[in-house]
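**Student:** here's my sequence, what's the structure:
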Amino acid sequence: MSKKAPWITYRPELKVMDCTIRDGGLINSHQFSDDLVRAVYQACIESGVDYMEIGYKNSKKLFPKDKFGPWRHCDEADLRRAVGDHSAETTGLKLSAMADATKSDWETDIIPADQSPLDMIRVAFYAHQVSEAVDMIQHAHEMGYEATANLMAVSNISDAEIDAVLEAIAPTPASTMVIVDSFGHLYREQIDMLYHRYSSALQGTGKEIGIHAHNNLQLAFANTIEAIILGCNRVDSTIFGLGRGAGNCHTELLLGFLRNPKFDVRPILRVIQDHILDLRRKIEWGPLVPYNITGQMNAHPRAAMEWRAGEVPDDYVAFYDKVVADI
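**Tutor:** Down below sits the predicted model:
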């Protein structure tokens, strides 16, 4: 059998998650219209995408409703207003929300799955928050959801910290452990190392390895391809790369790369044409020079976001000097 890409990228077990509304909401405090959310939802169904991450399950005390849109909280009433009586069995699409450790009232807000349109809870956490993450994963599982473990900022911690997290996550009911390149800093070699580290530590647990890539170095799609070739069966993307700062791996590129005939890129292109381009004229995202700089420096992109919102957004040299001085 040929080893060319059209053959090696077809794996029926490989699942795609579109994170447009969840990750993209970080650029506008999740103030998306219901029409846009419904359009993304319908496009995910029609295109054959496996999961749609519709927002966060985060605290209204930390993210008050007068400042943040409904997709920061994903209350069941808001979900039903947007997606109606969603059923994964009927649509073929599973709905997910992300709950951040220390930022989510998960013990009360994550209700039984049979009372919610959601099918999955993705637990996001930093290495020092792994104890709470384990409790959150267990709670979500007991409530009837599929749960995943998303260790954030993996490029910024030691091998020993990674190993400690993997040891803690291994016995949990999480279905997937996701490699999250929060700062868009990783190259192919680091993706390779992390994949093998994760898969070795989780061998025998039945867990899949996932990839969530940011585009600071314009490598989100390339690193996602690398992860797929290595064996990742859970891959994240956003429509037109919509996401915080430099954005993410593009859904339309990913579906075009994958050779599963169930995927159809046309509905995604329709959403870009009818909704995302208008948003792009109002809000900035993408791999601009300040995000390139934070990616190279392994720094959180918030500094670049603040710079782009300031008085001299295109003074790249001054921003570079500032980042270097802060290291």
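**Student:** give me the phi and psi for residue 176.
**Tutor:** Per-residue torsions, residue 176: phi -150, psi 140 (degrees, to the nearest 10).
**Student:** for beta bridges, what are the partners of it?
**Tutor:** In this structure, residue 176 has the following beta-bridge partners (DSSP bridges): residue 148, residue 208.
**Student:** quick one: residues contacting it.
**Tutor:** By Cβ atoms under 8 Å, 6 or more residues apart in numbering, the contact set of residue 176 is 148-149, 207-210, 234. Yep, even glycine has a C-beta here, placed from its N, CA and C like the rest.
**Student:** least confident secondary structure element in this protein?
**Tutor:** Across the helices and strands of the chain, mean confidence by mean pLDDT, DSSP states H and E is lowest for helix 5-8: a mean of 54.
**Student:** and after it, which helix or strand comes next?
**Tutor:** Remark: after helix 5-8, the chain's next helix or strand is strand 15-18, criterion DSSP states H and E.
**Student:** name the residues that touch that following strand?
**Tutor:** By Cβ under 8 Å, 6+ apart, the surrounding residues in contact with strand 15-18 are 40, 44, 49-53, 96, 210, 233-239, 251, 254-255, 258, 263.
**Student:** go through those residues and flag which are in strands.
**Tutor:** Taking DSSP state E, the ones among the contacts of strand 15-18 that sit in strands are 51-53, 96, 210, 234-237.
**Student:** residue ranges of the strands in the stretch 201-327 of the chain, please?
**Tutor:** Secondary structure of the stretch 201-327 of the chain (DSSP state E, counting those that start in this stretch): strands located at 208-213, 234-237.
**Student:** could I get these as TSV with distance to residue 246, mean neighbour count and mean pLDDT?
**Tutor:** Written out in TSV, the entries for these read as follows (distance: least, Cβ to Cβ, whole Å; neighbours: other Cβ atoms under 10 Å; pLDDT from 0 to 100):
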stretch	distance to residue 246	mean neighbour count	mean pLDDT
strand 208-213	10	25	98
strand 234-237	14	27	98
